[in-house]
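Student: sequence plus the predicted model coming up.
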Amino acid sequence: MSLLKIKLHWQILIALVVAVFLGYLFGDQVKYIAWMGDIFLRLLKMIIIPLIFSSIVSGVTSMGSGKNLGRLGLKTLFYYMVTSLFAILTGLVMVNLIKPGVGVDMGLTANTGTFEAHESHISDIFVRMIPENIFQSLVNGDILSIIFFAILFGFFINAAKTKYQQTLTNFFDSAFDVMMQMTMFIIRFTPLGILGIVAKEVARNAEQLTSLAGSMAIYMLTVILALSIHAFITLPVIVKVVGRAHPFRHLKNMISPLLTAFSTSSSSATLPLTIEAVEKDSGVSNKITSFTLPLGATINMDGTALYECVAAMFIAQVYGIDLSFSQQMLVVVTALMASIGAAGIPMAGLVMITIILSAVNLPLEGVGLILAVDRILDMYRTSVNVWSDSCGAVIIAKSEGEKTLV
Ligand code: ASP
């Protein structure tokens, strides 16, 4: 790791600690630094679409023949499904062991709020991947459609006449190079961005932070414990055994993106940093990262999947509803689908939870119970989402015979 990187880690950590203090002590006054967070987030969002598009097209064209792409695609999807299922099962076991919702009295009607049910069908997710109008998808930032189109576009560049193929391949390679330079420039401002974002969030939630301490603590602990088991035991074991790589060396390289995921609660906003760290520090080729990471940031969400399962079970426990084994399995399957469908933005998982609640006939108002602490848990589950994406990139690179740095 270069000196610059180490300096950046320290700056980010210091920024986090300072931001928590400032947010807690100064409340509203944090507006004088909050603008730094807004600018940083805008900069990250600004580069996401061009970065993803150029990254996928240049990645797919460098992959060559269709056979290659198919194999890589299948492996990647398999990894996403298996790790998400492990995560959900970990959550299920923990929530059944700890039973955070049994015997809890939290004044059910008090804070159910005005949460709107989200009517989204699981099969829709796959149909909606195909854009009706790619330009509209680009404008709306509809990441799954953009990925779908970019993969096809790259694939057919390879099928075009040599003359055109060369021109387009060079064009997208160049565009991607420029986007990476822009990304690296923006990344240097991460500590300032985090200072602004975290101070603002802490100031906004200061009251809840103290009043929450009691009743929700066990529920939060259950989620945190289960996420930790997945992040520090399950995933490292898979990296070690399947990928034959050093999981904790890789974890060290990922500190910047993981802390950024923690502060922004958005896998998509973190994506530029994830790509940079996995490529530069862990030594995975662009061919692999450009395919697996943008896709992973939207559809591979282990942390979210685990959280969905624990939250749904918790709501059932609070309402005193006993879920049978088959109902619990339905929770598992819908949690997996919900995590695939959730966008990589803050609190996306909270919206998706209504899908699970309706699948097993749990009261939708139950969402009101977990609203207050969702933002805090979102931070940790987003880091786990990003961590799993990065482990996937390493494992797939290794399985393709790449010599990585971890
Ligand atoms: N915030 C999460 C992410 O971006 C999604 C979620 O809400 O669980 O990865």
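Tutor: The structure has been received and is ready for your questions.

Student: count the neighbours of the residue lying closest to residue 160 once chain neighbours are set aside for me.
Tutor: In space, and not counting its chain neighbours, residue 160 is closest to residue 168: 7.1 Å by C-beta to C-beta, 6 or more residues apart in numbering. For the C-beta atoms, the positions are set from N, CA and C on the backbone; glycine is no exception. Neighbour count of residue 168, defined by other C-beta atoms under 10 Å: 19.

Student: now do residue 168 against residue 300, distance only.
Tutor: 29 Å (C-beta to C-beta, to the nearest Å).

Student: ok, now residue 287?
Tutor: Taking C-beta to C-beta, one finds residue 287 at 18 Å from residue 300.

Student: more neighbours, those two?
Tutor: More crowded of residue 287 and residue 300, by other C-beta under 10 Å: residue 300, with 29 against 20.

Student: residues touching the more buried one, list them.
Tutor: 79-80, 83-84, 385, 388-389, 392 (C-beta atoms under 8 Å, 6 or more residues apart in numbering).

Student: buried members of these into ChimeraX, please.
Tutor: Selecting only the buried entries of the contacts of residue 300 in ChimeraX, with 16 or more other C-beta atoms under 10 Å as the criterion:
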select :79,80,83,84,385,388,389,392
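
Student: and the pLDDT at the nearest residue to residue 273 once chain neighbours are set aside?
Tutor: Using C-beta to C-beta, 6+ apart and skipping residues adjacent in sequence, the residue nearest residue 273 is residue 257, 4.1 Å away. Looking at residue 257, its pLDDT stands at 95.

Student: residues near residue 257, how many?
Tutor: Quick note: residue 257 (other C-beta under 10 Å) scores 27 neighbours.

Student: just use 438 as the starting number from now, easier for me
Tutor: Got it, first residue is 438 now, which makes that one residue 694.

Student: got the phi and psi for it?
Tutor: Dihedral pair for residue 694: phi -60, psi -40, per degrees, to the nearest 10.

Student: surely it touches residue 716?
Tutor: No: using C-beta atoms under 8 Å, residue 694 makes no contact with residue 716, being 11.5 Å away.

Student: thinking again about what came up before, so can I have CSV of the contacts of residue 737 showing distance to residue 461 and secondary structure?
Tutor: Listed next are the contacts of residue 737 as CSV, based on distance: C-beta to C-beta, whole Å; DSSP: H, G, I helix; E, B strand; the rest coil:
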residue, distance to residue 461, secondary structure
516, 40, helix
517, 38, helix
520, 36, helix
521, 35, helix
822, 27, helix
825, 31, helix
826, 32, helix
829, 36, helix
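
Student: ok, of the contacts of residue 737, which one's closest to the ligand?
Tutor: residue 822 (4.1 Å; C-beta to the nearest ligand atom).

Student: residues in contact with the closest one?
Tutor: Residue 822 touches 698, 704, 734, 737-741, 781, counting by C-beta under 8 Å, 6+ apart.

Student: go again using 7 Å as the cut-off
Tutor: Residues near residue 822 by C-beta atoms under 7 Å, 6 or more residues apart in numbering: 704, 738-741.

Student: farthest pair in those residues?
Tutor: 704 and 739 (10.8 Å; C-beta to C-beta).

Student: for the residue of the chain found nearest the ligand, give me its contacts.
Tutor: Nearest to the ligand in the chain, going by C-beta to the nearest ligand atom, is residue 786, at a distance of 2.8 Å. Residues counted as contacts of residue 786 (C-beta under 7 Å, 6+ apart) are 741, 744-745, 779, 815, 818.

Student: what score does the closest residue in space to residue 842 that isn't next to it in sequence have for pLDDT?
Tutor: Excluding the flanking residues, the one nearest residue 842 by C-beta to C-beta, 6+ apart is residue 720, at 3.2 Å. Among the per-residue scores, residue 720 shows a pLDDT of 96.

Student: cool, residue 566 as well?
Tutor: On the pLDDT scale, residue 566 gets 78.

Student: with residue 555 instead?
Tutor: In this prediction residue 555 is given a pLDDT of 41.

Student: so which bits of the protein are right by the ligand?
Tutor: 702-704, 738, 741, 779, 781-786, 815, 818-819, 822 (C-beta under 6 Å from any ligand atom).

Student: which of those residues fall within helices?
Tutor: Among these, the ones falling in helices (DSSP state H) are 704, 741, 785-786, 815, 818-819, 822.

Student: low-confidence ranges, this structure, go.
Tutor: Within the chain, the stretches with pLDDT under 70 are 438-446, 501-506, 540-563, 642, 644-652, 805, 809.

Student: assign the residue in the chain sticking out farthest from the centre to helix, strand or coil.
Tutor: Within the chain, residue 600 marks the point farthest from the mean C-alpha position, 38.9 Å out by C-alpha atoms, centre = their mean. Secondary structure, DSSP: H, G, I helix; E, B strand; the rest coil: residue 600 is helix.

Student: how close does it sit to residue 639?
Tutor: Counting by C-beta to C-beta - residue 600 and residue 639 are separated by 57 Å.

Student: chain neighbours aside, what residue packs nearest to residue 817?
Tutor: Nearest one to residue 817, counting by C-beta to C-beta, 6+ apart, is residue 664 at 5.6 Å.

Student: what ranges does the stretch 488-637 of the chain have for its helices?
Tutor: Under the criterion DSSP state H, counting those that start in this stretch, helices of the stretch 488-637 of the chain are mapped to 503-535, 559-564, 571-577, 580-596, 599-624, 627-648.
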